[in-house]
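1. build me a model from this:
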Amino acid sequence: GHYRYTHRIYGHFMQEHMPEAQRGLFLAGDGVSWTPAWVEGAVQTALNAVWGIMTHMGGQTLVTNLGPGDLYPQLGPAKLPDAP
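-> Purely as a prediction, here's the structure:
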């Protein structure tokens, strides 16, 4: 029942489509991940946040070492249609 909210908070580091005034806040930790209370989720969201900060500051990853945001469209969680 909370999938759409989990999807939004987990993917918040993908901010290119957000209004400019709402960009620049990045969250990390097991409370933001798909697997709450697991260290893997905390680490993954930290890596996502670092990628988001780097991108927000104008940086980019190497073509030979892509980051989580570079691959998010292909490997990120499925976006489900909103319920009526």
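
2. contacts, neighbours, all on C-alpha from now
-> Will do.

3. quick one: I53 and F26 touch, right?
-> Yes - using Cα atoms under 8 Å, I53 is in contact with F26, at 7.3 Å.

4. by residue count, tell me the biggest helix in this protein.
-> Secondary structure of the chain per DSSP state H: the longest helix is helix 39-56.

5. so what's D82 up against?
-> Going by Cα atoms under 8 Å, 6 or more residues apart in numbering, D82 touches R4.

6. part of a strand, is it?
-> No - using DSSP: H, G, I helix; E, B strand; the rest coil, the secondary structure at D82 is coil, not a strand.

7. from T61, how far off is it?
-> 33 Å (Cα to Cα, to the nearest Å).

8. could you do P36 as well?
-> Distance from P36 to T61, by Cα to Cα: 28 Å.

9. hmm, back to that, helices and strands around the longest helix of the chain, which ones?
-> Packing partners of helix 39-56 (3 or more Cα pairs under 8 Å, 6 or more residues apart in numbering; DSSP states H and E): helix 68-75.

10. buried ones in the helix it packs on?
-> Of all the residues in helix 68-75, those buried under the rule 16 or more other Cα atoms under 10 Å are 68-69.
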